[in-house]
Structure formats: C-alpha cells, structure tokens
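>>> After the sequence you'll find the predicted model.
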Amino acid sequence: MVELKGVHKRFGPVRAVEGLDLRLREGEFFTLLGPSGCGKTTTLRLVAGFEAPDRGEVLIGGEVVNPLPPERRPIGMVFQHYALFPNMTVFGNVAFPLRLRRLPEGEVRRRVGELLEMVHLVGLEGRYPKELSGGQQQRVALARALAREPKVLLLDEPLSALDARIREELRGELKRLQGETGLTTLYVTHDQEEALALSDRIAVMREGRLEQLGTPKEVYEEPATAFVAGFVGSGVLVPGEAREGLFHRGRAWPVRVRGEGRGYLLLRPERLRLDQGGFLEGRVVLATYLGSLVRLEVEAEGLFLKVDLPPEGVPAPGERVRLALPPEAPFVPEGG
Amino acid sequence: MGERRFAWALALPGLLVLAGVVGFPLLYALFLSFTRYTFLSPSYALSGPGRFAEALGDPYFLHALGLTALYVALTVGLTLVLGLLLAVLLHQNLPLKGFHYVVVGLPMLVAPVGVGLIWKMILHPELGILAYLFGGVDFFGDVRYALLSLALVDVWQQVSFAALVLLAGLRSLPREPLEAAYVDGATPFQAFLRVTLPLLRPVLVVLLILQTLTEVRTYDLVYVLTRGGPGSATDLVSYFIYRKAFLGLDLSGASAMGYLLLLLTLLLVAAYYRAMTRL
C-alpha cells in the first residue's frame, strides 16, 4: 500500500533519511519507532508530501506520488498537537474535508454524525476546540482525518501531548478504530510501549537509517543491534562471547544463545529472578517501587543488573542475593 | 520603603511628564470647549455645551467628517489588503529575502513630511514623472483625483508597517493547522482563506485599530500636498480643526470639534474590539 524505495532526505548538512526502503502491507498498523532526530517524522512527512525526497520514490497504492502535493494524496493525518481549526466547531472541523469535496449538505451531516459516533463525541458538535479536553480534541482530529476516506492514515505522535490515563484510553481506541476500518496506518512514536502495544510491525530507526524491521515480538525478543536492544524495553547488555551455543564471560554462563563470536547478552529485568542456587552472586544497590512491581538494581561481577519482582518480601539495599539467569536470552553480535 | 511605594516612586517621574504633556492639554481643551475663547476674544467664561451643538450644525465640519470617513475607509482598506499581499509574498521562500525586507520597510522610515515632498515632485503636473506618463494630469489640483492621490501616497507609506506586522503574524502561526487543511484536500488558496486568515484575525484587528487611528489623524500629508484643496476636496477633519484653531483663531470651537472626533474614534475602536471578541 505504501512503499519507500531508496529514499534520501537532507536538511542542509543534516542527513534526516538515508536510503530508506520500506513496504507497508494493506491494512497493516505499521510504526516508525526511534529517538528524537532519528528521521521518523521526516519519513512520515515524505509520505504526506510536506517534504520532497532528494532521491528515491514514495509510492501509495502502487502509484509514485513524489510530484503530488499533500491535497492530492489519498491520506489522512493526525498531528501531535491536534491541529484543529480554532475558528470552527467540532462539526465544522470534521465537515471541513467533506465540504471541500462539495458534498451535499445532507451527506455532510450524515457522514459527520457517523464519524463522531465512531469516536464517541456525539453531542459535542457545537463546541469549539478550546472547549474540549486534549483527548477529545485528538478524537476530533481523528474523525477529521477519517472523513476523507483515505487509503492511508498517518499519525504523528498523536498521543504524546496527552496525560498518561487518556493516552492509554486513546491507545485502545486507536487500535479498535484501525481494526474496524482496516486502514493501512503509519504511526510515528518515540514511545516503545505504544509501538509494542499497537503495531503489527515496527521499524526502528536511528540516524535516518532503518535499524530493524519486525513484529513487536521480534523487535523485543530478538533485537538485531545493540541500539535496538537498548532502545526497546529495558535491560542490560552484558559484553562477552557466544561459543558452542552458550554465552561466555570469563567462564561459560548457563544461558543458551544463538550466534557465534563477540557480542552482548541482553538480560531483561523480567527474565531474571532471585534464587538461593542462582548462578550470579551480587549485592542490592537500589530498590525502586513502581506500583505493581519493585525494580532492584543488583551489582554482580562488575555489572549493574535490573530485576523486576513482586512488591512483597523484597530484599533491602545492601543485602546479598543470588540471581538465576534465564535458560535462553537474546544475543547481539558486536558491531550489530 | 515598601515594594508598592517603591514602584510608585519609580513610575512617578514618567507619570508627571505624561500628566504634563498629555493630561494637561486634554483637560485644557475640554475646558476650552465649554467656553467661547478665541484668540481675538480670549475669555475663559464658561458658556455651556453650545460649542458642541454649533460643531454638529456646522456643514463644513460635517463635510470634513464625511470626507475623513471616506478617506479612512479607502486608506485602511487598501493598506490592509496590500499589506497582506506583501506579507504573504515575503512569507514565501524568495531569493534575496533580506533585500526585499529592506525595500518594503523603507517607506516606514521616512517622515510623512518627507514622503509628501517626494510625491509632490513625482506627481507635479509639470515636472513629475508620473504626471508626464499620465498625460499631464494634475493629481492634487484636480478635484476628481485629489483625495484619491492623497490616499494613495498615504497607503504607499503605511503599507510597509502593515506588511511587517502581518508578516510577523504569519511567522508566528502554528504550522500544523495549515498542513492539516492541505491533507484534508484544501488548495493553498482555500487553506489561506479558511485557515490562515481566521488564525490571523487578532493581528488584523489590532492593525485595523492602529491604522484607523493613524488615518483619522492625517494632517501632515494634507499640509504638505494640498492644504485641504482644491476647494475642500481634501479637507480632512484633523486639518479642518487645525485651520479652525490657528487660521480661524477659534480655539474653543476647535476644541469642541476635537473632542467630538475623539468620541467618534473611541466609538469606532470599541466597535472593532467588540467585533473581535464576538468572532
């Protein structure tokens, strides 16, 4: 549905996107994930038509859209700060793209009614954006983006300006709406939790390049590079060597890994546990209460490992503990 | 010394100067408008509101008011439209942007009297290049063209200020609503009309108020270019009041007219403000 072929984009000396190749499948929820400045928003803007690639092609529905301005591309877009028109009511905002298409007023009313029902905003038609909460404004923006019946929905960090509770609620709404409409969706975020929860596939970007492309499970459990391992989820990268299927760090660790040679073992906090007969001995440095769990920081063999535990009966800082390692863990080769 | 007293102490010199140069003339003029003081008969005896009634019955004053209303509508309208066009042009990524800024901003730096003298030469019926190109038209001497010519000279100067204010307004607008309009299918012109202009409304209203106040007070250009003529074709109210006071020597009558003008201007500004808060 959406395809980028060898796309390059520079802003002066800054290489925003470098030789990017991506292909979104029809009806897929596809996320571009990465830190600030990694080129994810530029990529979205290239698809929207707000930026033109220096080299390469952008295709939507099999058609090269490089020369087309945004208004002639079959897209809908939701912006980080809602981008509602302050001089128009909720109804006016959602009706805007329909009125531009000169649809009969009766048809406009019917469509706006359907869309507002879809985003649970019936009854607020007459309100102005300033009279709505952030979550409600973003729902209006979503309804407006869908009004044009686009082939592709572009979402530029749509939840980042909202508080945590509303963010979680809208995340569910987004997933439901995408499922209902079956729209191919390109989502940009720096929030790994959002990406993991929403996406069919994730493209992790770094410095304008694609670092890894895969399902949320693949990206989380089999990170291709140390950057992805560090950026997605929390965990500690332990330098060492993979040999004969086991991880070695001075001696063989009882952790099965895939690959050979020097690299890093990724130890996720939820995969480590306390055990009297555990392989590593260490000392609790810090215990952080996080509500549903407590995160321990344990110093062992010169490493600072993180361990997630249920809040009850947690050892205090200074106590000595033994850690049991997972039988199998991701291994990231050096230079990856 | 308390913080409040200290603040007053700091503000006091400025307030005293303001009271002297603004407050006193205003109060003095108000007082005069309730007398029959003239330079020929300088009496401060109070005579009631008669001078206001006389002003409202004076056909020359009413003519000057009407002419000024037409002049303000013409100059403010043209200034805003041309200023907006220029601002939109400057907002594009044009080459030699700095050069364009300087050219557009230059008229604002020239004193109105200087502007008057420059245009007096350009439009001079015998020596002026424009008069020559238009076949010897006497722009300021012909009753058909005088007011329009005066207005165009005024607009030439005012448009640079309007363009720069509107350009600052355009620069400060958020990018996202405009981009959203494009994604929704709007052409650049539709997006400008339905998104940019409404977002720019506060700047436009402030500019409308400032320009109206400037144009109502137009005096210097009239003095340099036409002296109110030919006949009374460019006898704008500020110049009329000046003539009433310093050529007619009727200071109390001029004060009453000045206050009526002040009242009308305040009503106009209040109407603009109301319109802005309602929209």
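Okay, I see it. Numbers count the residues shown, from 1 in each chain, chains lettered A, B, ... in the order given.

>>> mind saving the C-alpha coords of stretch A:81-88 as PDB?
Once non-C-alpha atoms are left out, stretch A:81-88 reads as follows in PDB (Å, rounded to 0.1, in the frame of the first residue of the first chain):
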ATOM      1  CA  HIS A  81      -0.900  19.000  18.700                       C
ATOM      2  CA  TYR A  82      -4.300  18.100  17.200                       C
ATOM      3  CA  ALA A  83      -4.100  20.900  14.500                       C
ATOM      4  CA  LEU A  84      -7.800  21.600  14.900                       C
ATOM      5  CA  PHE A  85      -9.200  24.800  13.300                       C
ATOM      6  CA  PRO A  86      -9.900  27.100  16.300                       C
ATOM      7  CA  ASN A  87     -12.500  29.100  14.400                       C
ATOM      8  CA  MET A  88     -14.600  26.100  13.600                       C
END
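
>>> Find out how far it is from the centre of the chain, if you would.
Put simply, stretch A:81-88 sits 25 Å off its chain's centre (C-alpha atoms, centre = their mean, to the nearest Å).

>>> Could you pull out the buried residues of that stretch?
Taking 16 or more other C-beta atoms under 10 Å in any protein chain shown as the neighbour-count basis, stretch A:81-88 is seen to contain the buried residues A:81, A:82, A:83, A:84, A:85, A:87, A:88. All C-beta atoms are positioned from the backbone trio N, CA, C, and that covers glycine.

>>> before we move on, what about stretch B:71-80?
The neighbour-count criterion (16+ other C-beta under 10 Å) identifies B:71, B:72, B:74, B:75, B:76, B:78, B:79, B:80 as the buried residues of stretch B:71-80.

>>> mind giving me a markdown table with those and columns for pLDDT?
As requested, those are arranged in a markdown table below (pLDDT from 0 to 100):
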| residue | pLDDT |
| --- | --- |
| B:71 | 97 |
| B:72 | 97 |
| B:74 | 97 |
| B:75 | 97 |
| B:76 | 97 |
| B:78 | 98 |
| B:79 | 97 |
| B:80 | 97 |
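
>>> out of those residues, which are inside helices?
Using DSSP state H, the subset of the buried residues of stretch B:71-80 located in helices is B:71, B:72, B:74, B:75, B:76, B:78, B:79, B:80.

>>> check the buried residues of stretch A:81-88 against chain B, which are close?
Filtering the buried residues of stretch A:81-88 for neighbours of chain B using C-beta under 8 Å from any C-beta of the partner chain leaves A:81, A:82, A:83, A:84, A:85, A:87.

>>> Kindly present the buried residues of stretch B:71-80 as TSV, with separate columns for distance to residue B:116.
Converted to TSV, the buried residues of stretch B:71-80 look like this (distance: C-beta to C-beta, whole Å):
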residue	distance to residue B:116
B:71	15
B:72	18
B:74	18
B:75	14
B:76	19
B:78	18
B:79	17
B:80	22
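
>>> quick one: which of the residues you listed is nearest chain A?
Minimum separation from chain A among the buried residues of stretch B:71-80 (C-beta to the nearest C-beta) is found for residue B:80, which lies at 18.6 Å.

>>> just checking, residue A:125 touches residue A:95?
No. With contact taken as C-beta atoms under 8 Å, residue A:125 and residue A:95 are classed as non-touching, separated by 9.5 Å.

>>> out of those two, which sits in the busier spot?
Between residue A:125 and residue A:95, counting by other C-beta atoms under 10 Å in any protein chain shown, residue A:95 is the more crowded of the two (22 against 17).

>>> so the more buried one is in which element?
helix A:90-100 (DSSP states H and E).

>>> what's that helix packed up against?
The criterion is 3 or more C-beta pairs under 8 Å, 6 or more residues apart in numbering or on different chains; DSSP states H and E, and the helices and strands that helix A:90-100 contacts are helix A:105-118, helix A:134-147.

>>> Give me the buried positions along it.
Residues of helix A:90-100 classed as buried by neighbour count (16+ other C-beta under 10 Å): A:90, A:91, A:92, A:93, A:94, A:95, A:96, A:97, A:98, A:99, A:100.

>>> For the ones next to chain B among the buried residues of stretch A:81-88, give me TSV that also has distance to residue A:141 and secondary structure.
Output for those, formatted as TSV (distance: C-beta to C-beta, whole Å; DSSP: H, G, I helix; E, B strand; the rest coil):
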residue	distance to residue A:141	secondary structure
A:81	9	coil
A:82	5	coil
A:83	6	coil
A:84	6	coil
A:85	10	coil
A:87	16	coil
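
>>> Tabulate those residues (CSV), appending pLDDT.
As requested, these are arranged in CSV below (pLDDT from 0 to 100):
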residue, pLDDT
A:81, 90
A:82, 89
A:83, 92
A:84, 94
A:85, 93
A:87, 90
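
>>> ok, those vs residue B:124, which is closest?
Proximity of these to residue B:124 was ranked by C-beta to C-beta; the top entry is residue A:87 with 48.0 Å.

>>> What count of nearby residues applies to the spatially closest residue to the closest one that is not a sequence neighbour?
What sits nearest to residue A:87 in space, not counting adjacent residues and going by C-beta to C-beta, 6 or more residues apart in numbering or on different chains, is residue B:198, at 3.9 Å. Applying other C-beta under 10 Å, we find 15 residues neighbouring residue B:198.

>>> in the host helix or strand of residue A:166, what counts as buried?
Of the helices and strands defined by DSSP H and E, residue A:166 is found in helix A:164-181. Judged by neighbour count using 16+ other C-beta under 10 Å, the buried positions of helix A:164-181 are A:166, A:167, A:170, A:171, A:173, A:174, A:177, A:178.

>>> out of the residues you listed, who's nearest residue A:225?
Checking the buried residues of helix A:164-181 against residue A:225 with C-beta to C-beta, the nearest one is residue A:171 at 26.7 Å.

>>> how much space between the closest one and chain B?
21 Å (C-beta to the nearest C-beta, to the nearest Å).

>>> Pretty sure that residue sits against residue A:196.
No. Residue A:171 sits out of contact with residue A:196 when judged by C-beta under 8 Å, with a separation of 10.9 Å.

>>> Check which residues of the host helix or strand of the residue nearest to residue A:87 are buried.
In this structure, residue B:198 is located in helix B:197-216 according to DSSP H and E. Judged by neighbour count using 16+ other C-beta under 10 Å, the buried positions of helix B:197-216 are B:199-200, B:203-205, B:207-212, B:214-216.

>>> Many thanks, I have nothing further to ask.
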